[in-house]
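Trainee: Predicted coordinates and the sequence they were generated for:
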Amino acid sequence: MVDSALIEEALERRKARRESFAGVSYVRLTDSLQGWPRGSVVLEDGTVVPGYPSIGRVLNLEQGLAQHFQAPFHAEEKVDGFNVRIVRHAGSHWAFSRGGFVCPFTTDRVPDLIDTSVFDAEPDLVLCGEVAGPGNPYLEGHPPEIQEDVVLQVFDLMRFGAADFLPVEGRRALLERHALPAVPWHGRFDVSQAADLRALVADLDRRGVEGLVLKEEGERRKRAKYVTPASVVQDLTAMGDALLDLPPEYFTNRLLRLVLILEESPELDRPELRRELGAALIDPLLDAAREHRTTHKVAHSFCSRFRSKENAERFVEHLRRIPQSEIHSTVRSLEQGEDGYWELRFDRVFPRISGLLGNFLSGGQVYD
């Protein structure tokens, strides 16, 4: 529980905001507050859904392990999707985004993603997971083994009112007991096994997996993430045509990651990677320029399935509210399929690169 006076103070200082979804009101923290991370949610009855804290990234594996870990740790796959926390509250299931918004898409699809009977046995449980797949309405990429719609993979468990994670061993046992989907687990390591982890990363890289999240045992619960070269190429390919609509750091940070990975692990450097990197930097923008002659815009198209038309409409409104710089979304269609699901088709339009290409392709001049 959080003191109501503290919440009111946070609202006045703009460290929190009141939100509502389907007639239920709640408060989400837009900044950390007395140990509660940004994105924590305070429900109507005072119950707190703890936020999911940021996890630091190490760019040199051997030195990063030595600097940050003091005890054995577990290595789990980092899944290419979006982070949600799923709970049961007031008889309904809710999925909260990293920022503390109710995600209409995941909330709608909860019964498809998990066996919700887990909340009968564990009513205060907070499932932290990644929603991934080509039906993902937020991101371009997805794990190579997920070829349709979306799945949920749980990577952490918390409890209402406790800003802490269940230990990895306890979490894995609980998930197995309730037949809940989990991120792949790759073993237990210590800081002396950097070479073994590099071999694991090489295997994940060949499979096109995004990377690893390392989770220390004991009270510190220290975490770190480390990505594969393949993930860098995938990110650049996915967003290469949005060159002007994303901050420059999106691209420069990923190139720096790749360089530092290859500096430490030269065995991951290969001619194919360099060809793929070149294609990732050129092909998306070249395709966008060619398509612009017909569409007059640069946009990414999405198709996501909903059980409820009302939730699909809520999701459209959600897209208009979440901060995305100047990127905006336009709905193309919302139709019910033969299986009863509602298919929402929409485009995410990138105005700056759209305008620039329009000017250049019509003969405009540039001074450089």
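Mentor: Looks like it came in fine. What you see is a predicted model; the values in this text were computed from it and never measured. Numbering: from 1, shown residues only.
Trainee: Which strand residues bridge residue 76?
Mentor: Beta-bridge pairing of residue 76 under DSSP bridges involves residue 185, residue 213.
Trainee: burial measure for it, as a count.
Mentor: 22 (other CB atoms under 10 Å). All C-beta atoms are positioned from the backbone trio N, CA, C, and that covers glycine.
Trainee: measure it to residue 209 for me?
Mentor: With distances taken as CB to CB, to the nearest Å, residue 76 is found 11 Å from residue 209.
Trainee: With residue 128 instead?
Mentor: The spacing between residue 128 and residue 209, counted by CB to CB, is 19 Å.
Trainee: more crowded one of these two?
Mentor: A count of neighbours by other CB under 10 Å puts residue 209 above the other of residue 128 and residue 209, at 24 against 19.
Trainee: ok, the more buried one - contacts?
Mentor: Residue 209 is in contact with 77, 78, 143, 144, 228, 230, 231, counting by CB atoms under 8 Å, 6 or more residues apart in numbering.
Trainee: so what's the backbone phi/psi at the fifth one?
Mentor: In terms of degrees, to the nearest 10, the main-chain angles of residue 228 are phi -100, psi 160.
Trainee: dump the residue contacts of it.
Mentor: 201, 204, 205, 209, 210, 211, 261, 268.
Trainee: burial count for the last one?
Mentor: Meaning residue 268. Here the neighbour count serves as a burial measure; for residue 268 (other CB under 10 Å) it reads 18.
Trainee: and what of the one 3 residues further on?
Mentor: Counted with other CB under 10 Å, residues neighbouring residue 271 total 7.
Trainee: Can you tell me the SS state at residue 305?
Mentor: strand (DSSP: H, G, I helix; E, B strand; the rest coil).
Trainee: quick one: it from residue 345, how far?
Mentor: The value you get for residue 305 to residue 345, if CB to CB is used, is 11 Å.
Trainee: and those two? which has more neighbours close in?
Mentor: Neighbours of residue 305 and residue 345, each counted by other CB under 10 Å, are more numerous for residue 305; the result is 21 against 13.
Trainee: Quickly note the distance from that one to residue 342.
Mentor: According to CB to CB, residue 305 stands 7 Å off from residue 342.
Trainee: Show me the shaky parts of this structure.
Mentor: Low-confidence segments of the chain, defined by pLDDT under 70: 1, 323-326.
Trainee: quick one, domains of it?
Mentor: The chain breaks down into these structural domains: 1-49, 80-182+299-349, 232-295 (assignment by automatic domain parsing).
Trainee: and the first one, how far out from the chain's middle?
Mentor: Its chain's average C-alpha position is 22 Å from that of domain 1-49, according to CA atoms, centre = their mean, to the nearest Å.
Trainee: now stretch 208-215
Mentor: Centroid separation between stretch 208-215 and its chain, computed with CA atoms, centre = their mean, is 13 Å.
Trainee: So what's the residue count around residue 141?
Mentor: If you count neighbours by other CB under 10 Å, residue 141 ends up with 18.
Trainee: Can you name the residues that contact the closest residue to residue 56 other than its chain neighbours?
Mentor: For residue 56, ignoring the flanking residues on the chain, the nearest one in space by CB to CB, 6 or more residues apart in numbering is residue 224 at 5.6 Å. Taking CB under 8 Å, 6+ apart as the definition of contact, the neighbours of residue 224 are 55, 56, 57, 58, 64, 68, 69, 213, 214.
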